[in-house]
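Undergrad: sequence plus the predicted model coming up.
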2 protein chains.
Amino acid sequence: MEQRLSLITLGVRDLARAKRFYEALGWTSGAAPADDVVFFQAGGMIIALWGRDQLAEDSGVEDSGGWGGITLAYNVRSPAEVDAVIAEAEAAGATIPRHGAETLWGGYSGVFVDPDGHPWEVAHNPHWTVADDGSVTLAK
Amino acid sequence: MEQRLSLITLGVRDLARAKRFYEALGWTSGAAPADDVVFFQAGGMIIALWGRDQLAEDSGVEDSGGWGGITLAYNVRSPAEVDAVIAEAEAAGATIPRHGAETLWGGYSGVFVDPDGHPWEVAHNPHWTVADDGSVTLAK
């Protein structure tokens, strides 16, 4: 198995609401209104929105109903950009359990939670590089 | 917010066990044995393993204890490669809720669940392109 991830699917309760939320952050998809899945091209991978019940069945797992041990992160190029993204997410309807602040690991981050309970850390990590194309590379 | 994902963190109960599992799939990290987080460079993003309790606290969410509505996917270049990856994951200790089979959407896929309950669909989607560098692009 190569060391990579092709797609991440976020299970949602209301697909139209979830699509509107990510579109309000500036994202675009080619999805038609009647589509039952929404795909966003995200760099060299894809982020999908799909009904949570269908996703649980398709994945062969029991749904515990809440958060299940996975957090997403979006790395940015400055602390000010962390605050801007958190504010943008809040305006789009996210809840904000943690506003931007300095972290123990020497960076600056906050967290927003999307309308379906999926958390995104928004982080400035001065040790990692965010390239012009948005790709992120670990410090060597 | 740009349309991209920088990092995904998988909460784990036993970091050494989780690291061994992904290493058994052929992945490598620069983590030292004493590190409390393991980072895998995965194309233009990063996949991290971290203690689930710490991740829940850091993310400002309540942990429901099971699956929480997110499934990962790894796209490959042929149906035979789906079967090979599922077999490799099973040998490494994954559970297999669904072996490789044809899908309703015209592809071929199976699912493995890692030792911490995180499901990965392994899929061949003839409508999407997997590039030499592993990046995946939606059909236009």
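TA: Thanks, I have the structure now. Residues are numbered from 1 along each chain as shown, chains lettered A, B, ... in the order given.

Undergrad: isn't A:Arg13 right up against A:Asp116?
TA: Yes - the pair A:Arg13 / A:Asp116 is scored as a contact, 5.9 Å apart, by C-beta atoms under 8 Å. Quick note: C-beta positions are derived from backbone N, CA and C, even for glycine.

Undergrad: name the residues contacting each of the two.
TA: A:Arg52 (C-beta atoms under 8 Å, 6 or more residues apart in numbering or on different chains).

Undergrad: so for the two, which sits in the more crowded spot?
TA: A:Asp116 (19 against 13; other C-beta atoms under 10 Å in any protein chain shown).

Undergrad: do you know how far A:Phe21 is from B:Ala139?
TA: 24 Å (C-beta to C-beta, to the nearest Å).

Undergrad: quick one: which of these two has more around it?
TA: Shown here are A:Phe21 and B:Ala139; by other C-beta under 10 Å, A:Phe21 has more neighbours (20 against 10).

Undergrad: which residues touch the more buried one?
TA: A:92-94, A:114-115 are the contacts of A:Phe21 under C-beta under 8 Å, 6+ apart.

Undergrad: are any of these buried, and which?
TA: A:92, A:94, A:114-115 (16 or more other C-beta atoms under 10 Å in any protein chain shown).

Undergrad: of those residues, closest to chain B?
TA: A:Ala92 (9.1 Å; C-beta to the nearest C-beta).

Undergrad: is the lowest-mean-pLDDT helix or strand in chain A in proximity to chain B?
TA: Least confident helix or strand, chain A: strand A:129-130 with a mean of 92, by mean pLDDT, DSSP states H and E. Yes - applying C-beta under 8 Å from any C-beta of the partner chain, one finds strand A:129-130 touching chain B at A:Val130.

Undergrad: in three-state terms, label the closest residue to A:His127 other than its chain neighbours for me.
TA: Taking C-beta to C-beta, 6 or more residues apart in numbering or on different chains, and ignoring the residues beside it in sequence, A:His127 has A:Ala139 as its nearest neighbour in space, at 4.6 Å. Following DSSP: H, G, I helix; E, B strand; the rest coil, we place A:Ala139 in the coil state.

Undergrad: A:Ala139 reaches A:Gly106, doesn't it?
TA: No - under the contact definition of C-beta under 8 Å, A:Ala139 does not touch A:Gly106, with a separation of 11.3 Å.

Undergrad: between the buried ones among the contacts of A:Phe21, which is closest to B:Arg4?
TA: Nearest to B:Arg4 out of these is A:Asp114 (C-beta to C-beta; 15.4 Å).

Undergrad: tell me the confidence at the closest one?
TA: A:Asp114 is assigned 98 on the pLDDT scale.

Undergrad: returning to that earlier point: common neighbours of A:Ala139 and A:Gly106, please.
TA: Shared contacts of A:Ala139 and A:Gly106 (C-beta under 8 Å, 6+ apart): A:His127.

Undergrad: my guess is A:Gly106 meets A:Trp128, correct?
TA: No - look at A:Gly106 against A:Trp128 with C-beta under 8 Å: they stay out of range, at 11.1 Å.

Undergrad: who's more crowded, these two?
TA: Taking neighbours as other C-beta under 10 Å, A:Gly106 and A:Trp128 compare with A:Trp128 leading, 17 against 9.

Undergrad: give the contact list for the closest residue in space to A:Gly110 that isn't next to it in sequence.
TA: Using C-beta to C-beta, 6+ apart and skipping the chain neighbours, the partner closest in space to A:Gly110 is A:Gly100 (3.9 Å). With contacts defined as C-beta under 8 Å, 6+ apart, the neighbours of A:Gly100 are A:79, A:82-83, A:86, A:108-110, A:122.

Undergrad: please consider this matter closed, and thank you.
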